[in-house]
Every structure is written in C-alpha cells, then in structure tokens.
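Colleague: how would this look folded up:
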Amino acid sequence: MYEKPRLISNYDINIVEVSSVAKEKYSTTWKYSKEFTKKMYKIAYVLNGEYVAYVNNKKYYLKDNDILYSGGFKKFSSYSITNNFSGIYIYFIVGDSMAEEDSFFYDIHQIKGNENIKKKFTAILNEYNSKSYNHKLKTKKILYEIFEDVLDAKLMTNNTNIDFYPLKNAISYLEQNYLKNDISINYLANLCNYTPAHFINLFKRIYDTTPKNYIIDLRMQKAKDLLIYTPYSILEISNITGYSNPAYFSAAFKASVGCSPLDYRKKNS
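Modeller: The predicted model follows:
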C-alpha cells in the first residue's frame with residue numbers, strides 16, 4: 001500500500017513524561033479491553049508468546065520480539081494466543097504542541113525488534129522501578145533512544161522506503177528461502193552488490209546479528225508455529241525447517257528459545 005511521504009519534522013516527538021513502565025507475565029490465557037477518555041500513547045515489546053491486539057478497531061498479530069507502537073488511541077483490546085506470555089509496556093504523555101496530522105508518532109506501527117531495542121526496554125523498566133531522584137529524566141532519555149531505534153527499524157523495513165534499503169534483495173531472498181541449506185554469504189552479498197565482508201558488517205549494523213543467526217531465527221519462528229499449530233513430529237519439523245538431524249535441530253531450538261521443542265509444545269498446547 002502506498003503511504004504518503006512524511007516531512008522530516010513529522011518524525012519528531014515531544015515526550016513530557018513517562019507515566020508508566022511495567023512488565024506483564026502470564027502463564028494462562030487472558031483477555032483485556034478498555035476505552036479511554038483521552039488519547040493514549042503506548043509502546044510495547046513482546047518478550048515471549050503471541051497475542052492479538054485491536055487498536056482503534058484495527059487488528060495486529062504479535063509474537064516474540066515484535067513491537068507495537070500505539071499513538072493517539074482511545075480504544076484497545078487484546079487476547080492471548082499462547083498460554084505463556086511476557087512483555088514490557090510503556091505509557092507516556094506527549095506535549096500538546098506535537099502535530100497530529102501526518103506525524104509518525106500519531107499512528108499505529110508494528111515493528112520487528114532486536115536485542116539492542118530489547119535491552120533498552122529492560123533498562124527503562126529497571127530505571128522506572130528504581131524511583132531514583134532523577135529517574136524521570138533517565139526514563140525519558142531511554143525512551144527517546146528507543147524511538148530512535150524503532151524509527152530506524154521501521155524505515156528500513158517499510159515497503160514505502162524499500163528502494164532505499166541497501167539489503168532489500170538479500171532480505172527478500174532470505175524470507176522466501178530461509179529453509180534451504182545452500183544459502184551462502186557470497187550469494188547474498190552478490191545480490192546487494194557488496195563484498196562479503198562489507199555485507200556482513202552492514203548486516204550486523206542494521207540487524208544487530210549475523211546473517212547466519214538471522215536465518216536461524218527465521219527457522220526457529222517457523223518451528224514454533226509448527227509446534228503450536230500442527231501435529232507434526234519433531235523429526236518432521238526438523239526436516240521442514242532445514243535440519244537433517246533432529247538432535248541438531250533440538251539443540252539449535254533450545255539454544256534459541258531456551259527450552260526443548262517438546263517442552264515448548266507442552267507449554268503452549
């Protein structure tokens with residue numbers, strides 16, 4: 001879908017106060033619904049699990065490492081898909097002078113997170129809970145840093161900016177072919193007209209991970225979906241996700257997710 005380009009000034013935000021930061025954790029299914037009397041601003045990071053959110057009646061499906069930014073909303077509801085869920089939620093207040101029309105921050109955005117952004121969500125949670133004499137200033141500072149990273153991540157993956165994205169050919173190829181076993185760095189680098197060394201360095205800078213680990217993450221997300229939504233055996237899922245040895249698949253899954261494939265299926269069944 002075509003999106004009207006925004007002015008540089010419309011990527012700015014005036015944070016008056018971080019009003020609430022909380023980590024929510026559930027081991028059972030849940031539902032939540034609320035209508036607010038004033039416009040609310042919130043950003044959330046999914047640490048673990050999956051859920052569906054409706055913001056101003058628009059549906060969003062979120063899972064591990066997804067970020068949902070909700071700017072200027074009044075109506076919100078959500079429900080869990082998996083039993084186990086944890087996430088960090090930040091509510092904040094913006095200045096009255098912030099322009100609403102065409103503002104990036106007066107909108108709803110779903111963005112893929114990374115370890116760098118996740119660390120900052122944890123940092124703002126710890127700082128907010130510390131209640132130190134300067135915690136209000138520090139939480140605002142960290143939230144500005146989060147928005148800077150989120151804005152970069154959004155613009156890099158937004159289809160309206162894809163022509164300017166230096167790794168677009170490699171990412172497009174990986175998302176369609178990550179189950180293949182013959183993906184080479186040389187091939188990915190050639191797709192982007194970079195040397196392998198430059199490609200790896202640029203990839204790390206943008207995604208905060210290596211191409212190899214990016215592929216593993218895609219495979220593990222596919223494996224999690226298969227474990228939850230299909231009756232396939234571990235051997236079948238291993239083969240589907242590009243692992244010829246189920247023991248190697250199980251080890252890779254545990255290293256990535258923190259538990260074995262069978263335990264993950266039991267927890268989310």
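Colleague: which intervals of the stretch 51-200 of the chain have sub-threshold pLDDT?
Modeller: 97-102, 155-165 (pLDDT under 70).
Colleague: where along it do the helices fall?
Modeller: In the stretch 51-200 of the chain, helices defined by DSSP state H, counting those that start in this stretch lie at 115-130, 135-157, 168-177, 185-191, 196-207, listed in chain order.
Colleague: Which among those is found nearest to residue 222?
Modeller: Residue 222 lies closest to helix 168-177 among the helices of the stretch 51-200 of the chain, at 11.0 Å (Cβ to Cβ). No exception for glycine: its C-beta is placed from N, CA and C like everyone else's.
Colleague: So what touches that closest one?
Modeller: By Cβ atoms under 8 Å, 6 or more residues apart in numbering, the surrounding residues in contact with helix 168-177 are 162, 165, 183, 188-189, 191-192, 199, 203, 211, 214-215, 218.
Colleague: and with 7 Å instead?
Modeller: 162, 183, 188, 191-192, 214-215, 218 (Cβ atoms under 7 Å, 6 or more residues apart in numbering).
Colleague: same thing with stretch 44-58?
Modeller: Contacts for stretch 44-58 (Cβ under 7 Å, 6+ apart): 59-68, 70, 73-82, 84-89, 108, 113, 118, 121.
Colleague: What subset of those is buried?
Modeller: Among those, the ones that count as buried by 16 or more other Cβ atoms under 10 Å are 60, 62-68, 70, 73, 76, 78, 80-82, 84-85, 87-89, 113, 118, 121.
Colleague: mind checking the backbone torsions on the residue of the chain most remote from its centre?
Modeller: The centre of the chain is farthest from one residue, residue 133, which by Cα atoms, centre = their mean lies 31.5 Å away. Here is the backbone geometry of residue 133 (degrees, to the nearest 10): phi -60, psi -30.
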